[in-house]
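Engineer: Need coordinates for the following:
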Amino acid sequence: MTSPDPVPLSPRGVDVATIRAADHAARHWTSSAAGPLAPGSEAHKRAVCAMFHDTFNPYKPSVIDWPKLDAATLARIVALPIWDIAVQTEGKARLRMAAYARTIADPLMRETIARNGWEENRHKEVLSKMVAAYDIPLAAEPDYVEPRDPEWAYLVTGYSECIDSFFAFGLFAMADRSGIFPPELIDTFEPVMQEECRHILLFANWLAWHRRTMPAWRRPWFELRVAAVWVFLGWERIGLAKSMDGDGKQVAQDNNFTVNGTRAVADVELSVPELMALCLSENDRRFSGYDRRLLRPTTMPSLVRLGLGALRLTRQLLRPRRARAAVAA
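Structural biologist: Okay, here's the model as predicted:
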């Protein structure tokens, strides 16, 4: 897919009003359609695709004015163990989405998924420009090969983005609030973070549309595939997955960075419950500007809310026991 007519948008050479208008448009959207948007309906499909088109942010990686960093900040950024996998993940996502888009019969949804792939490639460009600007060393990139099973590859990519984005929202907020990274760098990456929100919003609604429009006989096999994707991603994120680097050597990937990276992006200690609560609030904030009738990714928020609720209940049950033990002592 070719570029969706982007205009230069960066701190360099563009007035602040233009930047703010594009940023606002990328975060706020409501369909003009009346009534409910039943998943799988024609109105739902048109609304999802219109949302993705209308909220496009026209920034261009080639004109981003990367801020100068002091030695300590630069060292902290270079040391983050994410850049290899981040660049490679975006490269794979672009290819997988483009491959899956070609299998979609519906022309409107096909164009929308292809646009998503184009934006993934733009993310890769942003990361590539950043690592070049700050001389961050990267391993040689592997060859990007089109998937033999486009649907499986798209499911893996979509669900993976739902998991990673949920935690990334919280970590990004920590980096902003702690002041450990300069505001200029935070502002530069902010459109990319919001774009990830749009991507998983599209995925959640595509998933509902796909389920409702596929033949009934395909549904059981599809649900088995979805379950297998979750098993695969769970295996990957507990650190058991390995990958091959550009020289063909097997290397471990830090797939748990989104959970373990709090010390790298903040100078304050944050407990796991506090981090999860922050991820929830940031997740809700980033989705708040989009039409409420569109579906949101629910698995990670639901699991985290369940976990936090269980933790609070456990603490309430243990509190009387601890009080009795203190009195007895």
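Engineer: Can you report how many residues lie near Met193?
Structural biologist: 17 (other Cβ atoms under 10 Å). C-beta: built from backbone N, CA, C; applies to glycine.
Engineer: Leaving aside the residues adjacent along the chain, what's closest to it?
Structural biologist: Using Cβ to Cβ, 6 or more residues apart in numbering and skipping the chain neighbours, the partner closest in space to Met193 is Phe172 (5.4 Å).
Engineer: Tell me which residues touch that neighbour, please.
Structural biologist: Ile186, Phe189, Met193, Val265, Glu282 (Cβ atoms under 8 Å, 6 or more residues apart in numbering).
Engineer: neighbours around Ser178, how many?
Structural biologist: Neighbour tally, Ser178, other Cβ under 10 Å: 14.
Engineer: what's the spacing between it and Leu278?
Structural biologist: Using Cβ to Cβ, to the nearest Å, Ser178 is found at 12 Å from Leu278.
Engineer: same deal with Arg177?
Structural biologist: In terms of Cβ to Cβ, Arg177 sits 9 Å off from Leu278.
Engineer: just Gly91 next, same as before
Structural biologist: 29 Å.
Engineer: likewise Ala98?
Structural biologist: 34 Å.
Engineer: Then Asp291?
Structural biologist: Taking Cβ to Cβ, one finds Asp291 at 25 Å from Leu278.
Engineer: you'd agree Val304 is up against Met276?
Structural biologist: Yes. With contact defined as Cβ atoms under 8 Å, Val304 counts as touching Met276 (4.8 Å).
Engineer: Between those two, which is the more surrounded one?
Structural biologist: Met276 (23 against 20).
Engineer: Neighbour count for Arg177 and Leu278, which is higher?
Structural biologist: Ranked by neighbour count (other Cβ under 10 Å), Arg177 and Leu278 place Leu278 first, with 19 against 13.
Engineer: backbone phi and psi for that one, please?
Structural biologist: Backbone geometry at Leu278, expressed as degrees, to the nearest 10, gives phi -70, psi -40.
Engineer: From Leu280, how far out is the nearest residue to it once chain neighbours are set aside?
Structural biologist: Closest residue to Leu278 apart from its sequence neighbours, by Cβ to Cβ, 6+ apart: Gly170 at 4.3 Å. Gly170 sits 8 Å away from Leu280 when distances are taken as Cβ to Cβ.
Engineer: which one of those two has more residues nearby?
Structural biologist: Relative neighbour count places Gly170 above the other of Gly170 and Leu280, with 25 against 18, counting by other Cβ under 10 Å.
Engineer: buried sites along the helix or strand where that one lies?
Structural biologist: According to DSSP states H and E, Gly170 maps onto helix 150-178. Under the neighbour-count criterion of 16 or more other Cβ atoms under 10 Å, helix 150-178 has 150-176 buried.
Engineer: Any buried residues in the following helix or strand past that helix, and which?
Structural biologist: Next in sequence after helix 150-178, counting helices and strands by DSSP H and E, comes helix 183-213. By 16+ other Cβ under 10 Å, the buried positions in helix 183-213 come out as 185-186, 188-189, 191-210.
Engineer: next structured bit after helix 183-213?
Structural biologist: Following helix 183-213 toward the C-terminus (DSSP H and E): helix 219-235.
Engineer: contacting residues around that next one?
Structural biologist: Glu151, Trp152, Leu155, Val156, Tyr159, Ser160, Ile163, His210, Arg211, Met214, Ala241.
Engineer: go with 10 Å
Structural biologist: 149, 151-152, 154-160, 162-164, 207, 210-212, 214-215, 240-241, 255, 299 (Cβ atoms under 10 Å, 6 or more residues apart in numbering).
Engineer: go on, stretch 30-47?
Structural biologist: Contacts for stretch 30-47 (Cβ under 10 Å, 6+ apart): 29, 48, 50-51, 54, 106, 108-109, 112, 204-214, 289-295.
Engineer: Mean confidence (pLDDT) on that stretch, please.
Structural biologist: For stretch 30-47, mean pLDDT is 95.
Engineer: swap in stretch 102-120?
Structural biologist: Stretch 102-120 comes out at a mean pLDDT of 97.
Engineer: residues of it that come out buried?
Structural biologist: 104, 109-120.
Engineer: Sketch out the low-pLDDT regions of this protein for me.
Structural biologist: Applying pLDDT under 70 to the chain flags residues 1-15, 239-269, 321-329.
Engineer: And the strands in it, which stretches?
Structural biologist: Under the criterion DSSP state E, the chain carries strands at the ranges 242-244, 250-252.
Engineer: So which residue is dead centre in the protein?
Structural biologist: Ser165 (3.2 Å; Cα atoms, centre = their mean).
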